[in-house]
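Have a look; sequence and predicted model below, questions after that.
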Amino acid sequence: MISVWAPDGVGEVRRGDDLADHLLEALPGSAVSTGSTDEGRLADGDIVCVTSKVVSKAEGRTVVGDRASAIVAETRRLVARRGPLQVVVNRLGLTMAAAGVDASNVAPGTVLLLPEDPDATARALRATIATRAGANVAVLVTDTAGRAWREGQTDLAIGAAGLQVLDDHVGRVDPYGNTLAVTAPAVADEIAGAAELAAGKLGRRPFAVLRGRPDLVLAPGDDGPGAVALLRPEGADLFGLGSREAVLAALAADDAARPAFGSPADAEDLRDVLTSLLGPSGVVVRLDEQGDRALLVTTDDPRALWAADVAAYAHGWHTESHDASGVRLRPITP
């Protein structure tokens, strides 16, 4: 059985506060673990979740200034923009609206940035709980984010310690005898969502404890890879840019945006794309028998050549040479 609870009575968190103090004081019986499974006391195998907002307040991540300037400072790369809304990759590598900069529940004229290093915060809090409560728990730092294709928001893990954050099922066999190839539940995010259900958004309950999955909690001294392990590498995400931004980057052949398009496509795949795009106008696309992984696009139509250039960019290729009869395309990285 899985249970989740969020203690009441947590006061305002201020810069320099000890988060373990706030948590342990809010739990019954001073939260000293005796191995009891009574709800309230921490026990081995529990998973403690803490919102990034109180972590940031304790770390002094409140800054004076307007939100727009803070978003720019926290942004590594723009993903998509719709009016005032910006989805960006922030300095932590997280893809989030407004870079995770928060202007709620703070004094006017100030904004709250995400924690400096959420995984490090989780490790430190886990160690403190182990020392003071005598329990081997996992710790998650959580934050709220939207999801592609879905309305609304949910909490996810941006920091983790002592937890198996991803439960990789690859190679396991289902009840019908099928070998699983890609299934890997992001259990850290699932737990963060469950914690938010217990804590609520307006209840002033920044901590939650989940019990019932001790199999996911790592041994003392093993903090695991952290929540950073849930971040896809640059270019591995199929949606590294918004639809408008991807079109504009391809039209401009923006070198800075190339990593978001991922690894170069196979020559055969790009040939099929170009044939479908340009073939009806009489353009011939073929593999260059004299060059490794090169494509020849034969046409004297400048519009077709321009379209080939744009499509090649979007697939990780570029124009190596051109003459009166067409262009020769090669991948950016051989």
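All right, it came through fine.

Mind listing the strands the helix or strand containing Met96 pairs with, and their directions?
Using DSSP states H and E, Met96 sits in strand 95-97. Here strand 95-97 has these sheet partners by DSSP bridges: strand 85-90 (antiparallel).

in this protein, which strand has the most residues?
strand 150-161 (DSSP state E).

Tell me which strands it pairs with, and in which orientation.
When DSSP bridges is applied, strand 150-161 pairs with strand 138-147 (antiparallel).

Pull the number of nearby residues for Ala58.
The tally of other residues near Ala58 (other Cβ atoms under 10 Å) stands at 20. No exception for glycine: its C-beta is placed from N, CA and C like everyone else's.

I'd like the distance between it and Arg82.
33 Å (Cβ to Cβ, to the nearest Å).

Need the contact partners of the longest helix seen in the chain.
As assigned by DSSP state H, the longest helix anywhere in the chain is helix 118-133. The contact list for helix 118-133 (Cβ atoms under 8 Å, 6 or more residues apart in numbering) reads 18-20, 23-24, 31-33, 42, 48, 50, 52, 55, 59, 92, 115, 135-141, 158-162, 220, 223, 226-228.

The same query, at a cut-off of 6 Å, please.
19-20, 31, 33, 42, 55, 115, 137, 139, 141, 158-162, 223, 226-228 (Cβ atoms under 6 Å, 6 or more residues apart in numbering).

again with stretch 96-105
Defining contact as Cβ under 6 Å, 6+ apart, one finds that stretch 96-105 is touched by 67, 70-71, 74-75, 87-88, 90, 111-112, 114, 145-146.

pLDDT on it, on average?
Stretch 96-105 shows an average pLDDT of 92 in the prediction.

How about stretch 5-25?
Mean predicted lDDT for stretch 5-25 stands at 94.

For that stretch, list every residue counted as buried.
Using 16 or more other Cβ atoms under 10 Å as the test for burial, stretch 5-25 gives Trp5, Ala6, Pro7, Val10, Val13, Asp17, Leu19, Ala20, His22, Leu23, Leu24.

which residue ranges form the strands in this protein?
3-5, 47-51, 62-64, 75-82, 85-90, 95-97, 110-112, 138-147, 150-161, 207-211, 284-287, 295-298, 317-323, 326-331.

Could you tell me which residues within the fourth one count as buried?
Within strand 75-82, the residues that count as buried by 16+ other Cβ under 10 Å are Thr75, Arg77, Leu78, Val79, Ala80.

Now do the residue lying closest to Glu74 once chain neighbours are set aside against Val297, distance only.
Nearest residue to Glu74 in three dimensions, chain neighbours excluded: Ala99, at 3.9 Å (Cβ to Cβ, 6 or more residues apart in numbering). Distance of Ala99 to Val297, given as Cβ to Cβ: 40 Å.

closest one to Ser263 among the strands of the chain?
strand 326-331 (8.7 Å; Cβ to Cβ).

Could you tell me which strands the closest one is paired with, and in which direction each runs?
Looking at strand 326-331 with DSSP bridges, its partner strands are strand 295-298 (antiparallel), strand 317-323 (antiparallel).

Name the residues that touch the last one?
Going back to what we said before, that points to strand 317-323. Pro264, Asp309, Val327, Arg328, Leu329, Arg330, Pro331, Ile332.

Among those, which pair sits farthest apart?
Distance extremes for the contacts of strand 317-323: the farthest pair is Pro264 and Val327 at 16.2 Å, using Cβ to Cβ.

how many neighbours does Leu305 have?
18.

So for it, what's the pLDDT?
The model's pLDDT for Leu305 equals 88.

which non-adjacent residue is nearest it?
Val327 (5.8 Å).

neighbours around the one you found, how many?
Neighbours of Val327 using other Cβ under 10 Å come to 20.

How about it: which residues does it bridge to?
Bridge pairing for Val327 - DSSP bridges - gives Val297, His322.

Let me know the distance separating Asp174 from Ala181.
On the measure of Cβ to Cβ, Asp174 and Ala181 end up 11 Å apart.

before we move on, the earlier item: burial count for the residue nearest to Glu74?
Neighbours of Ala99 (other Cβ under 10 Å): 25.

Next, count neighbours for Ala324.
Neighbour count for Ala324, taken as other Cβ under 10 Å: 5.

Right, I'll leave it there.
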